[in-house]
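Trainee: Sharing a sequence plus its predicted fold:
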Amino acid sequence: MKDIARQNMSIKVESMDLLNGQIKMEAHASAIYLAMASWCEQNGFFTSAKFFYKQTEEERGHMMKIFQFLVDVGGNPISPEVKNINHDYSSIVDVFETTLEHEVAVTKSIHNIVLKARELGDITTERFLDWFVLEQVEEENTIRDILDMIEVTGTEGVGLQMIDNKVNDWME
């Protein structure tokens with residue numbers, strides 16, 4: 001029975017394996033953003049903390065969207081183990097620079113899965129990932145905008161409070 005079900009999956013096994021890797025990446029992102037929210041709370045960046053709490057939920061939503069897709073196509077989604085979460089940052093700039101690095105890595109991962117799905121002729125997976133491709137454009141742009149604002153505002157004196165207040169503009 002198990003072999004028959006596997007033969008009748010509407011997803012290529014290689015695509016499923018890559019998507020399970022993406023599930024893990026999204027779960028890791030959710031945990032990272034939760035740690036960043038905690039750091040922001042502890043350091044008086046309360047609006048930024050709210051931003052990262054929102055990001056935590058968004059990344060978990062991404063994970064669940066992929067998880068459910070794998071269920072829907074007859075695949076085998078794997079609940080990921082999350083380890084190695086950094087809780088220490090040197091500054092609010094460090095928090096957002098780390099966020100951008102992470103989002104760029106997620107974008108590259110999504111693109112790689114799209115290219116592999118295309119190579120395999122896995123049209124269903126490729127179409128499913130269209131939303132994620134566009135979502136990553138938005139994610140990276142938001143963090144770049146915040147980093148640009150930090151650069152213009154500066155991080156001396158009242159600039160730090162202005163930065164935290166301005167992050168509210170990106171919490172739609």
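Mentor: In hand now; what should we look at?

Trainee: can you pull out the strands in this protein?
Mentor: With DSSP state E applied, the chain shows no strands anywhere along its length.

Trainee: shaky segments in it?
Mentor: Within the chain, the segments meeting pLDDT under 70 span 1-8, 155-172.

Trainee: how about a cut-off of 90?
Mentor: Within the chain, the segments meeting pLDDT under 90 span 1-12, 45, 47, 145-146, 148-172.

Trainee: Please enumerate the helices of it.
Mentor: Taking DSSP state H, the helices of the chain run over residues 2-7, 13-42, 46-72, 92-120, 123-153, 159-166.

Trainee: and of those helices, who's closest to I78?
Mentor: Comparing these by their distance to I78 (CB to CB), the top pick is helix 13-42, with 4.8 Å. Heads up, the C-betas are built off the backbone N, CA and C, glycines and all.

Trainee: ok and that closest one relative to helix 92-120, angle-wise?
Mentor: Orientation note: helix 13-42 sits at an angle of 170 degrees relative to helix 92-120 (axes from the mean of the first three to the mean of the last three CA atoms, to 10 degrees).

Trainee: Next, format the helices of the chain as JSON lines and append mean neighbour count and distance to K83.
Mentor: Formatted as JSON lines, these follow (neighbours: other CB atoms under 10 Å; distance: least, CB to CB, whole Å):
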{"stretch": "helix 2-7", "mean neighbour count": "8", "distance to K83": "29"}
{"stretch": "helix 13-42", "mean neighbour count": "20", "distance to K83": "8"}
{"stretch": "helix 46-72", "mean neighbour count": "18", "distance to K83": "16"}
{"stretch": "helix 92-120", "mean neighbour count": "17", "distance to K83": "15"}
{"stretch": "helix 123-153", "mean neighbour count": "16", "distance to K83": "23"}
{"stretch": "helix 159-166", "mean neighbour count": "17", "distance to K83": "30"}
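
Trainee: just so I know, which of the ones you listed lies nearest E81?
Mentor: Shortest separation from E81 across the helices of the chain is recorded for helix 13-42, at 7.9 Å, computed as CB to CB.
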